[in-house]
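Chemist: fold the following for me, if possible:
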Amino acid sequence: MFTIDDLADRLGGYLPEEEIRQVRRAFYYAEQAHDGQRRRSGEPYVTHPLAVANILANMHMDHQSLMAAMLHDVIEDTSVTFEALAGQFGEPVALLVDGVSKLTQITFEDKTVAQAENFQKMVLAMSQDIRVIIVKLADRLHNMRTLGALRPEKKRRIARETLEIYARVANRLGINTIRVELEDLSFQALHPMRSERIKRAVTAARGNRRTLMREIQASLQNALERDQLPGSVIGRQKHLLSIYRKMRDQQKPFNELMDVFGFRIITDDVDSCYRILGVVHNLYKPVPGRFKDYIAIPKANGYQSLHTTLFGMNGMPIEVQIRTREMEAMANNGIAAHWLYKAGQTDRPIGAGSHARAREWVRGLLEMQRHAGNSLEFIEHVKNDLFPDDTYVFTPKGDIMELPRGATAVDFAYAVHTDVGNSCIACRIDRHLAPLSSPLESGQTVEVITAPGAKPNLAWLNFVTTAKARSAVRHYLKHQQRSESVTLGQRLLNKALSGLDSSLEQLPPRRLDTLAAELELEGGRDDLLESIGLGTRAAYSVAQSLLSDTTSTTAQQPKFSAKDGNVQAEQSGNSPMQVSGGNSMVTSYARCCHPLPGEPIMGHLSAGKGLVVHRQECSNITELASDPERVFPLTWADQVEGDFTVALRIEAQTQRGLIAELAELVTDAEANIERIGIEERDAHLAIVNLTLAVRDRIHLARIIKRMRNLLHVERITRVLS
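Modeler: Take a look at the predicted model:
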């Protein structure tokens, strides 16, 4: 059994004696705290924190991380408090232990609010000290290694959450050694039979091609020695889950995947990397389009290497990775390499750049958390963000930015800064104007054009791919909706109060806040007005509540009656609320009747949607008139903005070019076609269903008049409910 003495011997290779003594003290403290506790396997519980510390020692983590690993279950599983730990080992270690303890209950089998909120705890803990997640990953790795004592269904649950979250976080932080083992152990727990068959096949294939591997390895090593280049060549093996995924996704048989020989060449410096690349390309012909330079443009998690694929002996593909020893440490340990010191140079940590990238990533997560409407939306963004890919684009100044594959100019704009994304209106890709929705490709130069007063568009959510862009657009639109809802709610409440011979100005200043508190609305008066504007609370009822403590009133509520299909208002002289058109998130125009400026209109407050405007003759508004608190007359403002949708049904003689002729006529009339469809009634008659965007009723009348002048048009009908 692995002991604290064994660990201390290993730590002697890179930690000073005083720090090793502190790690020993943490172990003895944990041993005493967990005295009498055992794991499901029957071993003393302290073997688990010791094993976790050993995993961190493999990555050469600092002594505080190792101490936290020893103590990570003490707060949760024993009577020891945070204060006691801080007194014994210092606040940094106690904070690490506290951060890891808060992550213990995280599960991701189902997307429930509680589980998503637990992930938010992880992000907060990571933001305070990134080592929290490294200790947690080591803890999860040892738990995965010892799954054997658990029930099958619990094994599968833990394996799923490990694969879905922890392995992806390890990948995002560049900790490849932990990621690979987590993935393979999860695969074995989820699909034990498939895992075992692939493992046996890999072992057999490795034995069959051992001689060939040695020959290729020797030829590469000899080529380096001939050119007097420093470097060691080692064989590279695929892990089980990687093989399984390629077989499944690429529909390739196992033998075809195993025909690819992988090698890694480790050298001293970057200059040698590129010189070795030339040597191997001279030895074997390179496969066109299969070279990637991750040294010049590192991956987001700090990974650096040269990748090339060669035609080997008898045309067999050979994949070669070329990197320095520092890059190898970064590839295996990622952000953990920040605490790994080079021998003889203890003043300069390896992986400082990776640490900075990780901190930047966590800061981005915190920004997404602030913008997300709820924890479920946040975890959706994060899961999207855990799939980094390698699309690299340039700013006009030549700076490199990494974005996921399929990212657009809007994603690029938000990656630069949230304010740039919110105000972008167009873009240039390689100096040419391009749509904002165009997917970007590596090597392109992207310039974003902004304008003061510009706003994000709801349609952007259909094509943005980065979590930051999606989160920022949703946040802005929600903020805009709230602002518009509060404004509409204030207008509706003032209208209701005027029917009761009062107004908001006449009420005591704090009356709205008091009523909001009585209704348990945390946001005060704005929450109350927003609920009115969104139609979830009736303005007249709120008006009565506001006046109940200030005046007694006998004013009658406005009444509505249906006569001859119209909704008639029986009001006490107060003027209808005005509608000015334009784009709004809380005012919409009914699709059943398509009201136009100039036509008599009514308003209906729909819960969650806000104000829906109908034509007064609409049959749907007649049915809704039984709820007088939500239906009321409206009028158009003197100046109306924007275009309005209208549907037409055109009966015309069938002839070639009919659609083109109608489209040309609509364009000449300064209108837009939103939708067009044609159906043939018989050999001579066709019906065209046309949806237009027009300014008002007069504009529509002018278009219909022009259409009627066409010889083959027999009848035009406006489609109404």
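
Chemist: please name the nearest non-neighbouring residue to D268.
Modeler: With sequence-adjacent residues excluded and distances taken as C-beta to C-beta, 6 or more residues apart in numbering, D268 is closest to P230, at 4.8 Å. C-beta here means a position set from N, CA and C on the backbone, and glycine is covered the same way.

Chemist: ugh, wrong one, I meant A517
Modeler: Closest residue in space to A517, ignoring its immediate chain neighbours: G524 at 7.5 Å, by C-beta to C-beta, 6+ apart.

Chemist: phi and psi next, for the one you found.
Modeler: Comment: the main-chain dihedrals of G524 come out as phi 70, psi -150, following degrees, to the nearest 10.

Chemist: show me the shaky parts of the stretch 401-550 of the chain.
Modeler: Flagging of the stretch 401-550 of the chain using pLDDT under 70 yields the residue ranges 549-550.

Chemist: all helices for the stretch 601-721 of the chain, in order.
Modeler: If you assign secondary structure with DSSP state H, counting those that start in this stretch, the helices in the stretch 601-721 of the chain sit at 619-624, 658-668, 697-708.

Chemist: and the last one, how far out from the chain middle?
Modeler: Right, helix 697-708. Helix 697-708 sits 47 Å away from the centroid of its parent chain (C-alpha atoms, centre = their mean, to the nearest Å).

Chemist: could you do the second one as well?
Modeler: The gap between the average C-alpha position of helix 658-668 and the chain average comes to 43 Å, counting by C-alpha atoms, centre = their mean.

Chemist: in that helix, which residues are buried?
Modeler: Using 16 or more other C-beta atoms under 10 Å as the burial criterion, the residues of helix 658-668 that qualify are 658, 661-662, 665-666.

Chemist: for E623, give its distance to V719.
Modeler: If you measure E623 against V719 using C-beta to C-beta, to the nearest Å, the figure is 19 Å.

Chemist: and what of G235?
Modeler: Distance of G235 to V719, given as C-beta to C-beta: 71 Å.

Chemist: on that earlier part again, compare neighbour counts for E623 and V719 and give me the winner.
Modeler: For E623 versus V719, neighbours defined as other C-beta atoms under 10 Å are more numerous around V719 (14 against 11).

Chemist: could you give the bridge partners of the closest residue to the more buried one other than its chain neighbours?
Modeler: Ranked by C-beta to C-beta, 6+ apart and with sequence neighbours excluded, the top spatial neighbour of V719 is A647, at 3.9 Å. Note on A647: beta-bridge partners by DSSP bridges are T691.

Chemist: surely A647 and V694 touch.
Modeler: No: with contacts counted by C-beta atoms under 8 Å, A647 stays clear of V694, the gap being 11.1 Å.

Chemist: neighbour count winner among these two?
Modeler: Neighbours of A647 and V694, each counted by other C-beta under 10 Å, are more numerous for V694; the result is 23 against 17.

Chemist: surely T691 touches E674?
Modeler: Yes: at 4.5 Å, T691 and E674 qualify as touching, with contact defined as C-beta under 8 Å.

Chemist: identify the residues contacting L720.
Modeler: 592-594, 615, 617-618 (C-beta atoms under 8 Å, 6 or more residues apart in numbering).

Chemist: please repeat the previous calculation with a cut-off of 10 Å.
Modeler: Contacts here follow C-beta atoms under 10 Å, 6 or more residues apart in numbering; on that basis L720 touches 592-594, 615, 617-619, 646-647.

Chemist: reformat the residues you listed as JSON lines; add distance to A53 and pLDDT.
Modeler: What follows is the contacts of L720, written out as JSON lines (distance: C-beta to C-beta, whole Å; pLDDT from 0 to 100):
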{"residue": "C592", "distance to A53": "68", "pLDDT": "87"}
{"residue": "C593", "distance to A53": "71", "pLDDT": "88"}
{"residue": "H594", "distance to A53": "70", "pLDDT": "89"}
{"residue": "R615", "distance to A53": "74", "pLDDT": "89"}
{"residue": "E617", "distance to A53": "78", "pLDDT": "86"}
{"residue": "C618", "distance to A53": "72", "pLDDT": "87"}
{"residue": "S619", "distance to A53": "74", "pLDDT": "84"}
{"residue": "V646", "distance to A53": "72", "pLDDT": "92"}
{"residue": "A647", "distance to A53": "71", "pLDDT": "91"}
